[in-house]
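Chemist: Sharing a model that was predicted from the sequence below.
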Amino acid sequence: MAGHSKWANIKHRKAKMDAYKGKIFTKIARELMVAAKHGGPDPDSNSALKLIIQKAKEANMPNDNIQRAIQKGSGSTDGVNYEETRYEGYGPGGIAVLMRILTDNRNRTAGEIRHIFSKNGGNLGETGCVAWIFESKGLISFDMGSRDEEELMMLLIEAGADDFTIQDNVAEVITDVENFSTVKEKLEAEKINFNVAEITMLPQNTVTLNDMEIAAQVMKLMDLLEDHDDVQAVYSNYDIPDEIMNKI
């Protein structure tokens, strides 16, 4: 699997996001509003909205909150007009950083994101400076347990998965965006509980950070960006070895 951070990196981000449930709900609500605005409020005819509703339910977001956000986005109630955009930049150690943004004020958000970069060893770049490094893919990760690797591999091939790897008894499955839902449903039918199941941006190459000081600086930058209200997702191509990640 070319250019993807190790499970320790994913686990760190997941643990942090689990600690900020309220903020997660706010971010998901924005995504629901934008998806409903552009594709309509019916998830059966709006695949993007359907995926975000699944994401909301997996985060245990109350159904009332989900429906309220969809109503706002589809114009049933008055709501803030959020605009979707991407910011790109470089972090400590020369890592590439790609952010998905939902904002109601581009100038304010750009200034705040630029400040975070400049204060943490990075810089906000021009449009297109790092986007070429990343590719939109489906990512599913789960604990293997006692499952048979060969049987699972055959199931994934049949479902249309692109790649399947196991490290420390944790499986990672990569799919095309078009096949993500099919692969996910096949695994759900096998009663598999996911650590991660999302459409993400995977890097085609990675930068290994063997310096603990730089690695810590990168993690601080990632945390600050993820914590920003207007940042829906942060993607990067850093790879921190487990022995260093465990010390941070």
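Modeler: Perfect, thanks for sending it.
Chemist: what about the nearest residue to Ala233 once chain neighbours are set aside, distance to His228?
Modeler: Spatially, and ignoring its direct neighbours in sequence, Ala233 is nearest to Arg100 (4.5 Å; CB to CB, 6 or more residues apart in numbering). Every residue, glycine included, has its C-beta placed from N, CA and C. Between Arg100 and His228 the distance is 12 Å, computed by CB to CB, to the nearest Å.
Chemist: just Ser236 next, same as before
Modeler: 15 Å.
Chemist: Give me the more crowded residue out of these two.
Modeler: Higher neighbour count among Ser236 and His228: Ser236, with 26 against 18, using other CB atoms under 10 Å.
Chemist: My guess is that one contacts Ile95. True?
Modeler: Yes: applying CB atoms under 8 Å, one finds Ser236 in contact with Ile95, separated by 5.4 Å.
Chemist: so what's Ile201 bridging to?
Modeler: To be clear, residue 201 is Met; Ile isn't right here. Counting by DSSP bridges, Met201 forms beta bridges with Ser136.
Chemist: Please apply the same query to Ala171.
Modeler: Beta-bridge partners of Ala171, as defined by DSSP bridges: Phe142, Ile166.
Chemist: need the contact list for it.
Modeler: 141-144, 152, 164-165 (CB atoms under 8 Å, 6 or more residues apart in numbering).
Chemist: Equivalent analysis for Ala36, please.
Modeler: So Ala36 contacts 46, 49, 69-74 (CB under 8 Å, 6+ apart).
Chemist: farthest-separated two in these?
Modeler: Greatest spatial distance among the contacts of Ala36 (CB to CB): Asn46 and Lys72, at 15.1 Å.
Chemist: all strands of the protein, in order?
Modeler: With DSSP state E, the ranges of strands along the chain come out as 83-90, 96-103, 123-124, 134-143, 163-167, 170-175, 194-203, 207-208, 231-236, 238-239.
Chemist: Including mean pLDDT and distance to Gly111, could those go into a markdown table?
Modeler: Shown next, in a markdown table, are the strands of the chain (pLDDT from 0 to 100; distance: least, CB to CB, whole Å):
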| stretch | mean pLDDT | distance to Gly111 |
| --- | --- | --- |
| strand 83-90 | 93 | 11 |
| strand 96-103 | 94 | 11 |
| strand 123-124 | 94 | 10 |
| strand 134-143 | 92 | 24 |
| strand 163-167 | 88 | 39 |
| strand 170-175 | 92 | 36 |
| strand 194-203 | 88 | 24 |
| strand 207-208 | 92 | 27 |
| strand 231-236 | 92 | 14 |
| strand 238-239 | 90 | 25 |
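Chemist: Need those in TSV (columns: distance to Lys186).
Modeler: Output for those, formatted as TSV (distance: least, CB to CB, whole Å):
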stretch	distance to Lys186
strand 83-90	30
strand 96-103	27
strand 123-124	40
strand 134-143	10
strand 163-167	12
strand 170-175	10
strand 194-203	12
strand 207-208	33
strand 231-236	25
strand 238-239	29
